[in-house]
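Undergrad: Here's a sequence, model it:
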Amino acid sequence: MTVRPLLITALLALPVTAFSAPPAPAAQYDLLTTPLKDLQQKPRKIAEWKGKVLVVNFWATWCAPCREEIPEFIATQKQYQTSGVQFIGVAVDEPKDVARFAKQFGINYPLLTGEEDAMEIMRAAGNRLGGLPFTVIVDRQGKIVAVAAGRLPQAKLEAALKQVLGQASVTKS
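TA: Next comes the predicted model:
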């Protein structure tokens, strides 16, 4: 008998309890305080915008659902800006690709980039599988109040924003 069949037999004989759940993300990956770089390569923390209702969207230029929802985010940022809502895009992508994409689409909110750090922040915020897009809504006190994996329908986004803002309707500008 060779080593490979012995190894496979030994692994199969292990009790299922030998495997454990993946470890929780390290505490250093906090949504508000972990620094990420902006498009000018300056380190920024999402906490800089604390005091506003934050819509933090994790995305990538190559992600089709991300590309579909970004024009809606641009419009919603414009609509809710005077109500104290701030969108922040966290791109899991190359900065030069993000800058080109931002210019092409006319993104009107801050963009941060970070490959592995962004993925870890996203996992710490509740996206255990790491799929994109992933959106986090943070209230004015810095508490995560809603998360959404996958493309976020506009109606759900607006309903969540209105609830966090505590208003029945917001006028469009």
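
Undergrad: residue nearest the centroid of this structure?
TA: The centroid of the chain falls nearest to Phe58 when counting by CA atoms, centre = their mean (3.0 Å).

Undergrad: starting at the chain centroid, how far to the longest helix along the chain?
TA: Secondary structure of the chain per DSSP state H: the longest helix is helix 64-80. Between the centre of helix 64-80 and the centre of its chain there are 14 Å (CA atoms, centre = their mean, to the nearest Å).

Undergrad: helices and strands around that helix, which ones?
TA: strand 53-59, strand 85-91, helix 95-105, helix 154-165 (3 or more CB pairs under 8 Å, 6 or more residues apart in numbering; DSSP states H and E). For the C-beta atoms, the positions are set from N, CA and C on the backbone; glycine is no exception.

Undergrad: Now render these as CSV, adding distance to Leu132.
TA: Listed next are those as CSV, based on distance: least, CB to CB, whole Å:
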stretch, distance to Leu132
strand 53-59, 6
strand 85-91, 10
helix 95-105, 13
helix 154-165, 16
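
Undergrad: nearest to Thr34, of these?
TA: strand 85-91 (10.1 Å; CB to CB).

Undergrad: what angle separates that closest one from helix 154-165?
TA: 120 degrees (axes from the mean of the first three to the mean of the last three CA atoms, to 10 degrees).

Undergrad: Just give the strands next to strand 85-91 in its sheet, each with its orientation.
TA: Here strand 85-91 is paired, per DSSP bridges, with strand 53-59 (parallel), strand 111-113 (parallel).

Undergrad: quick check: mean pLDDT across the longest one?
TA: Read it as strand 53-59. Across strand 53-59, the average pLDDT comes to 98.

Undergrad: Select, out of the strands paired with strand 85-91, the one closest to Gly84.
TA: Nearest to Gly84, of those and by CB to CB, is strand 53-59 at 5.9 Å.

Undergrad: how distant is that closest one from the center of its chain?
TA: Averaging C-alpha positions (CA atoms, centre = their mean) puts strand 53-59 6 Å from its chain's average.
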